[in-house]
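[1] starting from these lines, generate the structure:
(chains A and B)
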There are 2 protein chains.
Amino acid sequence: MYTYDYLFNFTKSVFLKMGCPEKDAEVIAEVFLAAEVRDHASHGMIRIKDYYELWKAGRINVRPDVRVVYESPSTAVVDGDNSVGMVCARKSMELAIQKAEKAGTGWVATRHSNHFGIAGYYAMMALKHGMIGICLTNANPLVAPTFSVSRMMGTNPIAVAIPTAKYPPFVADFATTPIARGKLAVAEKKGEKVAFGFVQDKTGTPSDDPTILKSGGSMLTLGGDRLHGSHKGYCLSAIVDIFSAVFSGANFGPFVPPSVAYLPVLEKKVGEGTGHFFGAMRIDAFQPAEEFKNKMDQWIETFRSAKPAEGQERVLIPGDPEREAEERIRIEGIKLVPAIKDDLIKIAGELGIDFK
Amino acid sequence: MYTYDYLFNFTKSVFLKMGCPEKDAEVIAEVFLAAEVRDHASHGMIRIKDYYELWKAGRINVRPDVRVVYESPSTAVVDGDNSVGMVCARKSMELAIQKAEKAGTGWVATRHSNHFGIAGYYAMMALKHGMIGICLTNANPLVAPTFSVSRMMGTNPIAVAIPTAKYPPFVADFATTPIARGKLAVAEKKGEKVAFGFVQDKTGTPSDDPTILKSGGSMLTLGGDRLHGSHKGYCLSAIVDIFSAVFSGANFGPFVPPSVAYLPVLEKKVGEGTGHFFGAMRIDAFQPAEEFKNKMDQWIETFRSAKPAEGQERVLIPGDPEREAEERIRIEGIKLVPAIKDDLIKIAGELGIDFK
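    Numbering: from 1, shown residues only, chains lettered A, B, ... in the order given. Predicted coordinates:
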């Protein structure tokens, strides 16, 4: 078990050694650790190696000039200059919040970025300002549209955070696929099959093989198959892709660059890097703030009082599982699986810093 | 078979007879007919009877004072004054477009409305202005959150329309449930079962009985069950509900008023009427307009060229099925099932107008 502070300081050191400015290294560490404590380890410390390898391959810019390249009173486009995703993502969300201060809402599309960790982190930044936060991102293509076998989209997540009065905030943060890719990796390591409805083989036949992506298979969109609404999941994923990449001038769909160095740079590009989309909305742009927050409390009370199905203990509010994980993990500490620990020890050795 | 014009003029006459101003009656007819030609008959002529009965029961306001009650440079809240949904919805979307003209984006939440037809109609209004259009609405509670058996949400749709250059626009318009409620009614009339994954019984057990809503059952969210991501469908539906109702001061969740007169007015209310949410975004708030549109064309070409699964002819772009239906139905005419035709003949008789 590791403490939050130990892993934060280690992560910061890694990115400092890679040449990031101190503030950037802190932001990166904060987002990685946010994933760990919210029990989304798939977006946490495991990704340090990916970034380290991209840096060694000269595929990431640790001294980026993140800048606004286009704007209107309530919108902007940010060029991330190939930065570590967290660096330009945080600046973009800060800009969305600034725009919202003046115009009521602020919307920022960001291009030439890389993997930015958990989308929920940026949506939740708005909460400190009493605002609603929204964050979308596209990602490496693994997912096939309905009726197709081509990997055209990432797991393209949607995050929305909404302020409340006395209750914890509403925080939804979810991929537009039935499961995260990480779950396939876990099943593979355990030698288990997965449920039908997550993946298909290269001909489009439903599969329960978690290794199917290695033989031309693809992930399915939320809904699973056409009968159960996979075309709606496809619509959602497509909207996320367009808002993140077409708005900003990033690569869309199958052209999103890999977030790992062991995959080659794509030959064709249709924009710059990975794309994100950020939104901030003042709640008093719609209602007096206290009224809005009290109404959200009432919404939460109403949904918490829904009758559980037989065998279920309670009905959850979006954000409950992650918040409860955070309360627990902040006390208990963060556990790293041996393979990740070994990777970090190796990286620490190469960079001349300490990790045990 | 009926022509578009015949049904448009008939629908307009019905609402004129009910006391609507001419312009309002035309808007209402236009939205009903948009549903018919886009092959969403569930939101078309079948709903005239519902509105007629609500009007007879004094539950709808045909001479509403639709007004802006709150605003910021990029946002507003509209009070629909209990109007026919289309009337205040169209005005709200027009306002969102006006706001976007000045601020880059415009966002309008609307309360005290009623059923407004198809969400896609309003999102598509933005296309004529070269803008992106967004429309959300809450609806009568039929859907249970994950782990629950309580009907807490409507089929809460999301519509997004995005301009293109040479290709037809991207238009996604979908409920946040695997299927529309109308499909249950169709299966019931045919005496057929439905697939598992759409509904559950009153204990939360999966069911294939399309009549299960009559015995305490509920519809499921997109994803179907927790394993396949129903909690993501729940998040989506909740976001639509909050944006539509908490932002505007309408009724949320289980308190959304019935859209039919044979269900009683609810005893408890937490706001005014049904709620909607509208967004308009100038594409040149993010990129030069031509560049944006060309990029959308490229996006569409890319996704159209995805490889079809075995047995599938082609991969669709959101909006393809409805547009193709419209091209066909505008030529072939609109077919009404006998039961709907009979209802309309009866209404016409009572109002002293002609329908055959």
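
[2] can you tell if stretch A:252-272 touches chain B?
    Yes: using Cβ under 8 Å from any Cβ of the partner chain, we find that stretch A:252-272 touches chain B at A:252-255, A:270-271. (Each C-beta comes from the backbone N, C-alpha and C, glycine too.)

[3] contacts for that stretch, please.
    Contacts to stretch A:252-272, defined as Cβ atoms under 8 Å, 6 or more residues apart in numbering or on different chains, come from residues A:47, A:50, A:53-54, A:56-57, A:59, A:79, A:82, A:111-112, A:114-115, A:138-141, A:150-154, A:241-242, A:244-246, A:248-251, A:273-275, B:295, B:298-299, B:302-303.

[4] all strands of the stretch 251-356 of chain A, in order?
    For the stretch 251-356 of chain A, applying DSSP state E, counting those that start in this stretch gives strands covering A:274-282.

[5] tell me the domain ranges of chain A?
    As assigned by automatic domain parsing, chain A contains the domains A:1-63+A:319-356, A:64-175+A:231-316, A:179-219.

[6] state the pLDDT value of A:G133.
    On pLDDT, A:G133 comes in at 98.

[7] who's in contact with it?
    Here A:G133 is in contact with A:93, A:122-127, A:159-161, A:278-280 (Cβ under 8 Å, 6+ apart).

[8] in strands, which of those residues fall?
    A:159-161, A:278-280 (DSSP state E).

[9] and these near chain B, which?
    Within the ones in strands among the contacts of A:G133, those near chain B by Cβ under 8 Å from any Cβ are A:V160.

[10] ok, so of the ones in strands among the contacts of A:G133, who is nearest chain B?
    A:V160 (5.2 Å; Cβ to the nearest Cβ).

[11] who's in contact with the closest one?
    A:123, A:132-134, A:170-173, B:235, B:239 are the contacts of A:V160 under Cβ under 8 Å, 6+ apart.

[12] and for A:F355?
    Applying Cβ under 8 Å, 6+ apart, the residues near A:F355 are A:10, A:344-345, A:347-348.

[13] please name the nearest non-neighbouring residue to the residue in the stretch 101-250 of chain A that chain B sits nearest to.
    Nearest residue of the stretch 101-250 of chain A to chain B, counting by Cβ to the nearest Cβ: A:G204, 2.5 Å away. Excluding the flanking residues, the one nearest A:G204 by Cβ to Cβ, 6 or more residues apart in numbering or on different chains is B:A309, at 2.5 Å.

[14] count the neighbours of that neighbour for me.
    21 (other Cβ atoms under 10 Å in any protein chain shown).

[15] before we move on, what about A:V265?
    10.

[16] and the gap between it and B:T105?
    Separation of A:V265 from B:T105 (Cβ to Cβ, to the nearest Å): 34 Å.

[17] and A:S150, by the same measure?
    A:S150 is 33 Å from B:T105, by Cβ to Cβ.

[18] between those two, who's got more neighbours?
    B:T105 (31 against 21).

[19] ok, that one - contacts?
    A:72, A:74-75, A:105, A:107, B:74, B:99, B:279-282, B:285.

[20] looking at those residues, which is nearest A:T3?
    Set against A:T3, the nearest of those by Cβ to Cβ is A:W107 (37.6 Å).

[21] between the ones in strands among the contacts of A:G133, which is nearest B:T177?
    Nearest to B:T177 among these: A:V160, at 18.8 Å, using Cβ to Cβ.

[22] point me to the residue sitting farthest from the middle of chain A.
    Computed with Cα atoms, centre = their mean, the residue of chain A farthest from its C-alpha average is A:E310, at 33.1 Å.

[23] skipping its backbone neighbours, what lies nearest it in space?
    B:T203 (4.5 Å).

[24] do you know how far that neighbour is from A:I132?
    36 Å.

[25] for A:S218, same thing?
    33 Å.

[26] kindly report the residues of the stretch 251-356 of chain A close to chain B.
    A:252-255, A:270-271, A:281-282, A:284-287, A:291-292, A:295-296, A:298-299, A:302-303, A:306-312, A:314-316, A:318.

[27] list the residues that contact the nearest residue to A:F247 once chain neighbours are set aside.
    Nearest residue to A:F247 in three dimensions, chain neighbours excluded: A:A109, at 3.7 Å (Cβ to Cβ, 6+ apart). The neighbourhood of A:A109, defined by Cβ under 8 Å, 6+ apart, consists of A:75-78, A:243-244, A:247-248, A:275-278, B:286.

[28] kindly report the same for A:A187.
    A:193-194, A:210.

[29] got the residues of stretch A:252-272 next to chain B as a markdown table, with pLDDT, neighbour count and distance to A:V31 columns?
    Compiled in a markdown table, these are given as follows (pLDDT from 0 to 100; neighbours: other Cβ atoms under 10 Å in any protein chain shown; distance: Cβ to Cβ, whole Å):
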| residue | pLDDT | neighbour count | distance to A:V31 |
| --- | --- | --- | --- |
| A:F252 | 98 | 28 | 24 |
| A:G253 | 98 | 27 | 25 |
| A:P254 | 98 | 19 | 26 |
| A:F255 | 98 | 19 | 25 |
| A:V270 | 97 | 19 | 27 |
| A:G271 | 98 | 20 | 23 |
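
[30] for the residue nearest to A:F247, helix, strand, or coil?
    State at A:A109, reduced to three classes by DSSP: H, G, I helix; E, B strand; the rest coil: strand.

[31] ok, what's across the strand from it?
    Here A:A109 sits in beta bridges with A:V77, A:F277, going by DSSP bridges.

[32] which stretches of the stretch 251-356 of chain A have low pLDDT?
    Within the stretch 251-356 of chain A, no range satisfies pLDDT under 70.

[33] in it, what residue lies closest to chain B?
    For the stretch 251-356 of chain A, Cβ to the nearest Cβ, closest residue to chain B: A:A309, 2.5 Å.

[34] quick check: which element contains A:V14?
    helix A:4-17 (DSSP states H and E).

[35] ok, residues contacting that helix?
    A:22, A:24-26, A:28-30, A:32-33, A:36-37, A:45, A:48, A:51-52, A:62, A:84, A:330, A:333-334, A:344, A:347-348, A:351-355.

[36] check which residues of the helix or strand just after that helix are buried.
    Counting by DSSP H and E, the next helix or strand C-terminal to helix A:4-17 is helix A:22-37. Applying a neighbour-count criterion of 16 or more other Cβ atoms under 10 Å in any protein chain shown, one finds A:24-37 buried in helix A:22-37.
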